[in-house]
Every structure is written in structure tokens, then in C-alpha cells.
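Undergrad: Show me the folded form of this:
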Amino acid sequence: MIQPGGLYSAFADTALLDAVRTPWVDCGGALAQVSPIDLGIKVAREVFARAAVDPAAVQCVLAGSMAQASFDAYMLPRHIGLYSGVPQAVPALAVQRICGTGFELLRQAGLELAGGAELALCVAAESMSRNPIAAYTHRQGFRLGAPVEFKDFLWEALYDPAPGIDMISTAENLARTYGISRERVDAFALASFERALVARELPWYAEDLVSVVAERFELPGYQARGIELPRGVEAVTADSHPRGTSLESLARLRPVHAGGVQTAGNSCAVVDGAAAALVGRESTATRPPLARLLAVSAVGVAPEVMGIGPVDAIRLLLSRSGLQLDDIDLFEINEAQGAQVLAVQQELGIRDARLNRCGGSIAIGHPLAATGLRLCMTLARQLQQGRHHYGVAAACIGGGQGMAVLLENPQFISR
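TA: The predicted structure is shown next:
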């Protein structure tokens, strides 16, 4: 429903049945040459297998990816559906809300179920490594002596020409407004790494991951496609970015902007990866779902402080759902930049013990379209393991937006 200040969508009998992701791998690493379509097919096939769900039961395919990272990028949603076994008659839709794409996939799935669908496949796949070096002005050729304008798409995508600043500068604006020091940002980044290293040793953490190996995807009557890995790499089994560090090491890094608080060490890591989820009706599920999908909100904020977007999104989510901040047991807020998350935490008054307890994108990485699904998977697992009731996942969005998702633990028993 459209409300002043944003969108709010509430859902009944709608659940995250199961979800899975590839490991997040650093830009230029073992997944660098894999098309996001093939990563998407991989996780889609895996989520069907793990959920013991027949792809023939799917009634809509929703898929998202930010950059055109392969020449057949236009067909990403359709090919993911077809090569994962979804019937040919089932349509596919591309979904894009930049860093909120994973959340928007769930929102669209909820809306499809509200309209009568029974099962939706949601897939988000991102290859940051394959972002192209692009030219948009040379379709008619090159004039003699004229400048040749090829630019790095990934680098340029981090700049917002409306306020005339890059994404790091939006975090610096928040750091100044909220009085956030470089020391606080580095300490937050250190906690992200330390928590991620602890979390990946927990039994449930591996349940979210599928190993990526070289394989072919067959589709009768059509060209086969598949995944090839670099020579010497047999399988990609774990997130590559989490590592041990220290405040001293983080403090030695130069700020991106002179005098600023943001560095390469306390901003999100650039990684490749994909995630998939099945959204269906809890009432007809054959096994307990991962989480109940209760509501999703989306708001707009000023582009120059885009990182504050989760604040308004969470406030809208809570006000319309009738919950208070203290009703929420756990928060997963995407770590686009350390100062940005600290500003959100400070504005809302979220306690440390409830925020990003398994680390976040500073340590794990942020493959733009796929992050929202990871946040929800991580949140759902923690709700179940800790026997918590409600959780909220949220993210800021380049250009000045915010999204938030309200999940409920289906196994919660009131104490």
C-alpha cells in the first residue's frame, strides 16, 4: 500500500520456505569469470533440492542483478527459470532496487502470493568482477580526434550525479552529522570481522551455503551452459573475505577522502555471489519454513545521506505493523559503510547486542542484488537458533532509498 513517506506491504500466510547462497568471493577471485546467470541457476537448482520442492510447482520467477555482467544479461530472469527446471509457460520478471533488490524480490513474491500464486522463485545474482568497461556515446562511430570515452562501469556506479558525490561521501556526511569518529568506525569494522569469523564456525552457517564446482546445466532442446572455475580451483566452499585483523591494521589504512572516516577496511567488501529463496504459503508447506514474511517497507530519503534510509524504512515498518522497537529481537542492517550503520543505530537507539551479531558486509561482502536475501537468511537462522520472535533486516540504497523486512520465527514459543 502506498503511504505518505513510503511503501508498506503486509502479507498473510506467506513464508520463506528455504534459501541458499553461494559463498561470497572477493572481486577478481575464483568466481570472477562466472556469469551471474550461471550463479543464479546454481542456487536456484540447489534451493529446489534442499526444499524438496518440484520446480514444476513454481508459478512465477523473480530475479535481480545490477550490472549487465554478461552479453545475455537481458535474459537473466528467464534463463535462470528455464535452466533450473521451471516450466516453460511460467513467466520471469527482472527486479531492480540496487542494494535493496534482494528485499524487493521478497516483496514482489509476497504480492504475487496475495494475487493468487502459490509458489515464487526468487534469485539474486551479482558479478562485481564482470562489471564492464563501457562506452555509451559511440554507437555512431568515432570522430577523428574526438575524445574516446570508455569508463569503468563499477567505479562510475558508485557516483551519484544528482548531489554530485560518491557513495563514500554520503557516509562522510552522516559521520559529520552524528559526530562519528574514525575510531568508532574502525571499531565497528573490527567487530564485523570478529563476529563473521565466529559465525562461520557455527553449524547453521554452512546450511546457507552451496559449494560451487565446475558443471554443466542441460536444458533439453537448447544449448547447454554452465560454470567453469580457474585452473587449480576444484570447488568454492567458503566466503573469502572474512579474515583476522586488528584496530592497528585498520587505523593504518588511508581514508578514501582526506580527513574522512571511511576506508577500504571499514566499508563493504566488493564480492561476487548469488542467492535464491522459495516463497510460498506456510499453510500448505510440507515442512516448517525458514521464516514467516510479515511485511516489507520501502522509502525515499535525500540522496546525499542515502545511508540513513533504513531509519525511515524501519520506522514505517514498525508503525504500520503495530510493533515497537523493543519487540524486535534482532536487526540485520547492511554494512554499506561503517559510519552509515552507526548513524542508523544511533538514530534508532538499537542496542549493540541486537545488531549484526554474525558480522556483516564489511567482513563478508556486498554483491549488490544478492545482499538482501543473505541478510534475511542470516536473520532467519539466528531467530530459530536463539528462539527469538521477530527480526528486521534493512539496507540503504544508492540514490536515496531504504528498505526493511519484518520476519517472524515460525518456531517461536512464548515464554
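
Undergrad: how near is the most centrally placed residue in the chain to Val90?
TA: In the chain, the C-alpha nearest the mean C-alpha coordinate belongs to Thr371, at 1.2 Å (Cα atoms, centre = their mean). Separation of Thr371 from Val90 (Cβ to Cβ, to the nearest Å): 26 Å. The way it works is simple: take the backbone N, C-alpha and C, and place the C-beta from them, glycine included.

Undergrad: Ok, Ser240 next?
TA: 34 Å.

Undergrad: Gly115 now?
TA: 15 Å.

Undergrad: When those two are compared, which one has more neighbours?
TA: Val90 (19 against 8; other Cβ atoms under 10 Å).

Undergrad: and that one, helix, strand or coil?
TA: coil (DSSP: H, G, I helix; E, B strand; the rest coil).

Undergrad: does it really touch Gln59, like I thought?
TA: Yes: between Val90 and Gln59 there is a contact under Cβ atoms under 8 Å: 6.2 Å.

Undergrad: and after the lengthiest helix in the chain, which helix or strand comes next?
TA: Assignment by DSSP state H gives helix 182-199 as the longest helix of the chain. Counting by DSSP states H and E, the next helix or strand C-terminal to helix 182-199 is strand 212-213.

Undergrad: Alpha carbons of stretch 407-415, in PDB - could you do that?
TA: This file holds the C-alpha atoms of stretch 407-415, laid out as PDB (Å, rounded to 0.1, in the frame of the first residue of the first chain):
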ATOM      1  CA  LEU A 407      10.400 -11.700   9.700                       C
ATOM      2  CA  GLU A 408       8.900 -13.900  12.300                       C
ATOM      3  CA  ASN A 409      10.300 -17.200  13.700                       C
ATOM      4  CA  PRO A 410       7.600 -19.800  12.900                       C
ATOM      5  CA  GLN A 411       9.000 -22.000  15.700                       C
ATOM      6  CA  PHE A 412       8.800 -19.300  18.400                       C
ATOM      7  CA  ILE A 413       7.100 -20.300  21.600                       C
ATOM      8  CA  SER A 414       6.200 -17.500  24.000                       C
ATOM      9  CA  ARG A 415       8.000 -17.900  27.300                       C
END
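
Undergrad: any idea how far that stretch is from the chain center?
TA: Relative to the centre of its chain, stretch 407-415 is centred 24 Å away, using Cα atoms, centre = their mean, to the nearest Å.

Undergrad: Need the distance between the two termini of stretch 48-60.
TA: 14 Å (Cα to Cα, to the nearest Å).

Undergrad: My error: substitute stretch 357-364 in the last question.
TA: OK, stretch 357-364 end separation, Cα to Cα: 13 Å.

Undergrad: What pLDDT is listed against Arg415?
TA: Here, the pLDDT recorded for Arg415 equals 57.

Undergrad: I'd assumed Leu407 was in contact with Ala295.
TA: No: Ala295 is not in contact with Leu407 according to Cβ under 8 Å; the separation is 9.3 Å.

Undergrad: Compare the two (neighbour count), which wins?
TA: With neighbours defined as other Cβ under 10 Å, Ala295 and Leu407 compare such that Leu407 has more, 27 against 23.

Undergrad: if I pick the more buried one, what's in contact with it?
TA: Residues in contact with Leu407 (Cβ atoms under 8 Å, 6 or more residues apart in numbering) are 16, 291-294, 376, 379-380, 383, 390-393.

Undergrad: Val90 and Leu278, how far apart?
TA: Relative to Leu278, and taking Cβ to Cβ, Val90 is found at 14 Å.

Undergrad: same deal with Gly372?
TA: Going from Gly372 to Leu278 by Cβ to Cβ gives 15 Å.

Undergrad: Which one of those two is surrounded by more residues?
TA: Neighbour totals were compared for Gly372 and Leu278, and Gly372 leads with 33 against 27 (other Cβ under 10 Å).

Undergrad: Would you confirm that that one contacts Ala124?
TA: Yes: counting by Cβ under 8 Å, Gly372 touches Ala124, with 7.0 Å between them.

Undergrad: Just put the contacts of Leu407 in JSON lines and tack on pLDDT.
TA: Output for the contacts of Leu407, formatted as JSON lines (pLDDT from 0 to 100):
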{"residue": "Leu16", "pLDDT": "98"}
{"residue": "Ala291", "pLDDT": "98"}
{"residue": "Arg292", "pLDDT": "98"}
{"residue": "Leu293", "pLDDT": "98"}
{"residue": "Leu294", "pLDDT": "98"}
{"residue": "Cys376", "pLDDT": "98"}
{"residue": "Leu379", "pLDDT": "98"}
{"residue": "Ala380", "pLDDT": "98"}
{"residue": "Leu383", "pLDDT": "97"}
{"residue": "Tyr390", "pLDDT": "98"}
{"residue": "Gly391", "pLDDT": "98"}
{"residue": "Val392", "pLDDT": "98"}
{"residue": "Ala393", "pLDDT": "98"}
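
Undergrad: Give the single residue among those positioned nearest to Ser169.
TA: The closest of those to Ser169 turns out to be Ala393 (Cβ to Cβ; 25.4 Å).

Undergrad: Can you give me the neighbour number for Ala353?
TA: By the criterion of other Cβ under 10 Å, Ala353 has 8 neighbours.

Undergrad: would you say it is within a helix?
TA: Yes: assessed by three-state DSSP, Ala353 belongs to a helix.

Undergrad: okay, it: pLDDT?
TA: On the pLDDT scale, Ala353 gets 96.

Undergrad: cool, and Thr177?
TA: 98.

Undergrad: List the contacts of it.
TA: Thr177 touches 305, 343, counting by Cβ under 8 Å, 6+ apart.

Undergrad: Okay, strands next: where are they in the stretch 151-300 of the chain?
TA: Ranges of strands within the stretch 151-300 of the chain are 151-152, 159-160, 165-166, 212-213, 215-217, 225-227, 235-236, 271-280, 291-300, based on DSSP state E, counting those that start in this stretch.

Undergrad: Need the winner for burial among the ones you listed.
TA: strand 271-280 (a mean of 31; mean count of other Cβ atoms under 10 Å).

Undergrad: and it, what does it pack onto?
TA: strand 15-21, strand 25-26, helix 36-51, helix 101-114, strand 119-126, helix 371-385 (3 or more Cβ pairs under 8 Å, 6 or more residues apart in numbering; DSSP states H and E).

Undergrad: Of the ones you listed, give the one that comes closest to Asp326.
TA: helix 371-385 (16.0 Å).
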